[in-house]
Each structure stands twice: as C-alpha cells, then as structure tokens.
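Participant: Here is a sequence together with a model predicted from it:
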Amino acid sequence: MARPRKEIDLKAMAKKRHEELTARREMIDAELKSIAKYLKSVGAVKGKRGRSEKTDGARAGSATAVVLSAIEKSKKGISIDQIMEQTGSGRQTVNGILARMKKEEKIKTASRGIYIKA
C-alpha cells in the first residue's frame, strides 16, 4: 500500500529540517564551548565549588572589584548613585560593599556620601 504523496513530502521536509537544526546545534555547541573556555580563563565563570578560580582579594568581575574600580577611576570621589549607575548594582548591594570596604580601610569618605580610595 503506497503512502499518500502529502505524507511523503512532510516526512522529507521534517528530515531536512532535522538535519539543518542538528548542524546549527553543533555550531552553537562549539561556540558555547569556546566562550565558556574564555570566560573561565578570565575568572568570570564559577568553579565546581561555586567559587571563582581567582581568589586573591576581590575577584576580577566580582561586585566588590567593580565598585572599587569605579571609586579608583573617580578623581574627586564618587557617590552611591553614581556607583549604582556605573555598575548596575542595587543600592543595598553598593551600601554593603562600601561598608565592608570602609571597615577594611580600602576606601574612605571625602565628604558625606562621597567615597574615595584610601
């Protein structure tokens, strides 16, 4: 018993589309693998234990490192709002980081609400 022509055409189309998607998936997997390798090399990807590979002080790419970098770049000091804008972090995150860095004497206040590197 022969299959209707329409069913054969659908089968061929499905098979062709499957092959196309499989080829695209292989390309995407290869690209993801290379990007993951790069991110791991720069310390932006967490290791198996949930910690970054680099552990010397503030890790590269960590929120603390980003806030400290923003403070270091400002010559006259920087406010919490400016830090939030530059880093994309929320107020609670920035306040917590600033409090910890002040306690560790990495930064100090130039005036009320303005922070500079110690």
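Facilitator: In hand now; what should we look at? Residues are numbered from 1 along each chain as shown.

Participant: any idea how far Ala118 is from Lys103?
Facilitator: 11 Å (C-beta to C-beta, to the nearest Å). To be clear about C-beta, it is placed using only N, CA and C from the backbone, and glycine gets the same treatment.

Participant: So those two - more neighbours on which side?
Facilitator: Counted by other C-beta atoms under 10 Å, Lys103 and Ala118 do not tie: Ala118 has more neighbours, with 12 against 9.

Participant: what sits against the more buried one?
Facilitator: With contact taken as C-beta atoms under 8 Å, 6 or more residues apart in numbering, Ala118 is in contact with 105-108.

Participant: pLDDT value on it, please?
Facilitator: If you check Ala118, the pLDDT there is 86.

Participant: Excluding chain neighbours, give the residue nearest to it in space.
Facilitator: Excluding the flanking residues, the one nearest Ala118 by C-beta to C-beta, 6 or more residues apart in numbering is Lys108, at 4.7 Å.

Participant: Does the residue minimising distance to the centre of the chain fall in a helix, a strand, or a coil region?
Facilitator: The chain has Ala44 as the residue nearest its centroid, 6.5 Å off, counting by C-alpha atoms, centre = their mean. Three-state call for Ala44 (DSSP: H, G, I helix; E, B strand; the rest coil): coil.
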